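Fold the following.
(2 chains)
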Amino acid sequence: MSRGLIIGAFLTLIFALLACVSLLWIPYDIETFQIPNKLKTPNWDNWLGTDHFGRDILSMVMMGARTSIAVALLAVGIGMVIGVPLGLFSAARRGSFLDEFIMRGNDLIFAFPSLVIAILITAVFGPSAVNAIVAIGIFNIPVFARLTRAAALPLWERDFVLSARVCGKSETRISVEHIFPNIMNLMIVQGTIQFSLGILAEASLSYIGLGAQPPTASWGRMLADAQTLVSIAPHVALVPGFAILLMVLGLNLMGDGLRDLFDPRIKNDRT
Amino acid sequence: MHKLLLSVTVSTFALIAGGTSAQTDITVAIQLEPPNLDPTGGAAQAIDSVLYSNVFEGLTRFDGDGAVVPGLAKDWDISGDGTVYTFNLNSGVTFHDGTSMDAEDVKFSLDRARSEDSTNAQKGLFAGITDVTVIDPMIIKVTLDQPNGSFLFNMAWGDAVIVAAESIENIASNPIGTGAFEFSDWVQGDRLELVRNDDYWGTPAVLETATFRFISDPTAAFAAVMAEDVDVFVGFPAPENLPQFEADSRFQVLVGNTEGETILSTNNKMPPFDNLLVRKAVAHAIDRQAIIDGAMFGYGTPIGTHFAPHNPDYVDLLANSPYDPVKAKAFLAEAGFPDGFTTTLKLPPPSYARRGGEIIASQLRQIGINAEISNLEWSQWLDEVFKAKDFGLSIVSHTEPMDIGIYANPEYYFQYDNADFQALMVELNATADPAGRTALLAKAQKIISEDYVNGYLFELAVATVAKAGVRGLWVNQPTAAVDLTVVSWAD
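Modelled structure (predicted):
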C-alpha cells in the first residue's frame, strides 16, 4: 500500500467519523444563535471559534461534513445506479442501435459544462440539497456509463465469457455474474474520484447559494458567509476552506492509491 | 509588471497634480444599478439615487436633514381653506436641452403623473389634485379636492420632479432635467456619467464630472473602496467592515438614519397569519437587538411600529412586542398552534434580509414555528412576494419617507385590510393642522402596532464610506438620493 493511500484514507476517515458523530452529538446546537458570542477566535469552549451568529464552528464543520458527504454520496450513487447498468447494457449490445443511442446520449450530457448545468437545474427548480444531489448526480451518469462500457468491451472477448455463453447464459446474466465483478475495482476507484468532485460541486453550489439552504450547515455557504469577515475574523473563512481542501485532498489521494492497488495493468508492470 | 509601473507613474503624477488644485471629479458607488432613468415612471430607488436633485428637480425638494425646502418654486401661497396652492417659479431656469422651464412644464408634469395611464410609481402623491392652471409663465395654481397637510412634502419626492414635454419621449435613456448636473453617458452594467451644467439657474456645482458605479457584492464593495477605485460608497453593504474604514485615516465613515423601516413582512391574508394571536406570537418571539447586532453589526434603531424614530411624530411602541418567547408560545397555543406550524420566509438579497432571516428563523424555531428560508433575487422577490403575494413571511426595508399610508391599501403585498385604519388615513390627508396630524399619526402607529400587522424590526442605518477629503455628502437618507450639488474636495 502506498503512503498516499494511507494518508488519503486517514483524512477521509476523519471526516467520515466527524459526520457520523454529528448524527448523535455535536458540541453546541447550531440552530440556536448566540449573537453576543459572535466571532470568537478559537478557545477552550469553542475549539475552532464562533461565526458571525455566535455558532460554534466545530459543530458547523461537523454538520457540514454530514451535508457534503450525504450530497456527494447520493450523487455518486445516482451516477452508479444508472450509469453502470447503462454501460453494461451498451457493452452487451455493442454496435447495436441502442448502444449508439445510449452512448451518444451520454456524450450529449458530457458535452455540457457540468457546473453550469447544475446551476441551471437548481436555479429552475429552486435551491435545495435535493436538487443539488440530482444536478450533480446527472453528471455522474455518463462518467460511469462510459467507463463501464470501455472496461466491459474487452471482457466480452475473453474465454470465460465465451464459456458462459456456451453454457447458455443470457447477456444479462453474463453482465451481472461475470462482467460486473471484474470491473468493480475500477468502479470503486472512479467512485472515489467522483465523490471528491461531488464534494467540490456541492461546496460550489452552496457557495453561490444554490445548495443546501439554511439552517442546514454547508461548507460552501460557511465560506460565502465568511467572505466579508476575512479581514476581521479570518478563522471563520479558513476553517471551512481547510475542511474542503483536506477532504478533497484525502479522497483524491485515496482514489490514486486505490487505482495503483487495483489496476491490473499497473500490477502487471510491477510483476 | 508593465501594469505596476504604469500605476506607479500615474499615482506619482496624481500626487504632483494633487498639490496644485482640488480634484473636480468624483466616482460614487451605489449598490444597485437603475433599470431605467425615468424617476416619474419607474419604482426603483436606484433611479432617484442617481438622478434626484442632481439631474431632476421638483417644485420643492428635501435637504439633507429631510426638511422640505423650495426647489423650482421660489415661494408659494396657500389659500385660507388649504385647497389652492399658488407657486411662484424661479425665473431663468432652463432644461439641459436648452428649452426653458415655465409653468407649462409644471402643468405638463403634474397632469402626466396623475393621468389615467400614468406609470408613476407613487400616484398617491397626486391623488388629491383636481386642477392645475397656468396663471402666467412663472405662476402656477394647483387646486386640491381637500386640504392636504403633506402636499408640499409630496411634491419634494423624486416621483414628482418636473420634466418637459419636449424631451419626455426618451427620458428613460436620456434624462433631461433642470438640475446642476447633466446626464452624459450610461454604459449599462458598468457606469453612469454626469457632467456639470454650466447654465444652472442656482448655485452651480463644484464638481465638474461625476461617475456612478454599481457594486452590489459586499466583498467587491470592500475591495473597491480599499483600493480607492471609488471615492465614495453610499449605502455600503457590509457593516462588519466599517470599523476598518474608521480606523484608516484615508477614509471617513458617515453613519446616518434612513426612512427604511425594516420589517418582517407578514402575509395577513394567508392562514395562520390571518389570526391576530399568531402575529402577536411572532412579534414576541423576535429579539430585535440580536438581529441588529447579528445582521447589522449594531447599526440600526429598534422600532415598534412602521414609523421612523427620528421623526418628531414617532411614538415608541416597543413595549407592545418585547422579546418574550414564553409569552409567544402561550399566544401561539391560544391561537390553536401549541406545536407551531411551518411557513415560508422569502428573502431578497441585502444582508439585512439574508442574515436577519437566518436569525429570525432561529428565533421562531424556539417557539415551534418552522420558517423555511428561500433566498430570492430582487426580480424573483418582486414577482413572488410583491406581486403574486405568495409568501408567509419576508424581510424588507421600506425606504419611502412617511409611508404609513401603505397600510390603508388592502391590495398592498402584506394585505392588511382594516376599515378603521383606512378611515384614519383619509382623515389624516384632510388635516393640515400640525397638532391634529401628530395626534392622528400617533393613533395610526398605535393601530398597526397593536394589530401586529408585520414584525417591526429596526430602522435601517445608512453607511457612507468616503475618502477623507470629500465634503458636503448627505449623512442621512431622507429620501433615496446621492445629492452631489454641494459636494467638493478639500484642498
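
Could you list the low-confidence segments of the chain?
This is for chain A. A:1, A:264-271 (pLDDT under 70).

my question was about chain B
Judged against pLDDT under 70, the low-scoring parts of chain B cover residues B:1-21.

Would you mind naming what in it lies close to chain A?
Residues of chain B lying near chain A by CB under 8 Å from any CB of the partner chain: B:218-219, B:222, B:238, B:240-241, B:243-244, B:290, B:293-294, B:355, B:357-359, B:361-363, B:365-366, B:372-375. The way it works is simple: take the backbone N, C-alpha and C, and place the C-beta from them, glycine included.

Cross those residues against helices and list the overlap.
Judged by DSSP state H, the subset of the residues of chain B next to chain A located in helices is B:218-219, B:222, B:243-244, B:290, B:293-294, B:355, B:357-359, B:361-363, B:365-366.

how near is residue A:192 to residue A:251?
Distance of residue A:192 to residue A:251, given as CB to CB, to the nearest Å: 6 Å.

Repeat that for residue A:116.
Distance, residue A:116 to residue A:251, by CB to CB: 23 Å.

Looking at the two, which has the bigger crowd around it?
residue A:251 (25 against 9; other CB atoms under 10 Å in any protein chain shown).

Can you name the residues that contact residue B:319?
residue B:304 (CB atoms under 8 Å, 6 or more residues apart in numbering or on different chains).

I'd guess it is in a helix, am I close?
Yes. Assessed by DSSP: H, G, I helix; E, B strand; the rest coil, residue B:319 belongs to a helix.

The residue nearest the centre of chain A: helix or strand, and which one exactly?
Most central in chain A under CA atoms, centre = their mean is residue A:195, positioned 2.1 Å from the mean C-alpha point. Element membership for residue A:195, per DSSP states H and E: helix A:180-207.

what angle do whichever helix or strand comes after that helix and helix A:180-207 make?
Using DSSP H and E, the helix or strand that follows helix A:180-207 towards the C-terminus is helix A:219-226. For helix A:219-226 against helix A:180-207, the angle by axes from the mean of the first three to the mean of the last three CA atoms, to 10 degrees is 20 degrees.

which residues touch residue 53?
Looking at chain A here, since you left the chain open. Neighbouring residues of residue A:53 by CB under 8 Å, 6+ apart: A:33-35, A:38, B:294, B:355, B:358-359, B:362.

wait, I meant chain B there
Residue B:53 sits next to B:61, B:179-180, B:481, B:483, B:485 when contact means CB under 8 Å, 6+ apart.

ok, now with 10 Å
Residue B:53 makes contact with B:61-63, B:71, B:156, B:158, B:161, B:177, B:179-181, B:474, B:479, B:481-486, according to CB atoms under 10 Å, 6 or more residues apart in numbering or on different chains.

what do you get for residue B:90?
By CB under 10 Å, 6+ apart, the residues touching residue B:90 are B:57, B:70-75, B:101, B:138, B:178, B:201-202.

now with 8 Å?
Residues in contact with residue B:90, defined by CB under 8 Å, 6+ apart, are B:72-74, B:201-202.

Tell me where chain A has helices.
Assigned by DSSP H, the helices in chain A fall at A:3-24, A:57-92, A:97-111, A:114-125, A:129-156, A:159-166, A:171-174, A:180-207, A:219-226, A:234-262, A:264-270.

what about the residue of the stretch 151-271 of chain A found nearest chain B, how many residues close to it?
Closest approach between the stretch 151-271 of chain A and chain B, counting by CB to the nearest CB: residue A:228, at 4.3 Å. Neighbour count for residue A:228, taken as other CB under 10 Å: 21.

how near is residue A:131 to residue B:343?
On the measure of CB to CB, residue A:131 and residue B:343 end up 21 Å apart.

make that residue B:362, sorry
Remark: distance between residue B:362 and residue B:343 (CB to CB) = 15 Å.

What residues does the stretch 101-250 of chain A have near chain B?
Within the stretch 101-250 of chain A, the positions near chain B by CB under 8 Å from any CB are A:126-127, A:209, A:213-215, A:227-229, A:231-232.

quick one: which of these is most hemmed in?
residue A:214 (23 neighbours).

For the stretch 1-150 of chain B, which segments are assigned as strands?
With DSSP state E, counting those that start in this stretch, the ranges of strands along the stretch 1-150 of chain B come out as B:25-30, B:60-62, B:68-70, B:73-78, B:84-89, B:129-136, B:139-144.

If you could redo that for the stretch 351-491 of chain B, that was the one I meant.
Going by DSSP E, counting those that start in this stretch, the stretch 351-491 of chain B shows strands at B:370-375, B:393-398, B:455-467, B:470-471, B:488-489.

contact partners of the second one?
Applying CB under 8 Å, 6+ apart, the external contacts of strand B:393-398 come out as B:258-267, B:273, B:282, B:306, B:343-348, B:350, B:352-353, B:356-357, B:360, B:371, B:381, B:385, B:406, B:455, B:457, B:460.

who's in contact with residue B:98?
With contact set as CB under 8 Å, 6+ apart, residue B:98 has no partners.

quick one: it from residue B:233, how far?
Residue B:98 is 35 Å from residue B:233, where distance means CB to CB.

go on, residue B:405?
32 Å.

Tell me the residue of the stretch 51-200 of chain A that sits nearest chain B?
Across the stretch 51-200 of chain A, the shortest distance to chain B (CB to the nearest CB) belongs to residue A:53, at 5.5 Å.

follow-up on the earlier one: output the contacting helices and strands for the helix holding residue A:195.
Contacts defined by 3 or more CB pairs under 8 Å, 6 or more residues apart in numbering or on different chains; DSSP states H and E place helix A:180-207 against helix A:57-92, helix A:114-125, helix A:129-156, helix A:219-226, helix A:234-262.

Distance from the third one to the middle of the chain?
The offset between the C-alpha centroid of helix A:129-156 and the centroid of the whole chain comes to 12 Å, using CA atoms, centre = their mean, to the nearest Å.

One more: the fourth one?
Once both centres are worked out by CA atoms, centre = their mean, helix A:219-226 turns out to sit 19 Å from its chain's centre.

elements contacting that helix?
Helix A:219-226 packs on helix A:57-92, helix A:180-207, helix A:234-262, going by 3+ CB pairs under 8 Å, 6+ apart.

of residue B:362 and residue B:343, who's got more company?
Taking other CB under 10 Å, residue B:362 and residue B:343 do not tie; residue B:362 has more neighbours (24 against 21).

tell me the contacts of the residue nearest to the more buried one when sequence neighbours are not counted?
In this structure, residue B:362 finds its nearest non-sequential neighbour in residue A:33, 4.8 Å apart by CB to CB, 6 or more residues apart in numbering or on different chains. Residue A:33 makes contacts with A:53-55, B:290, B:294, B:358-359, B:362-363, as judged by CB under 8 Å, 6+ apart.
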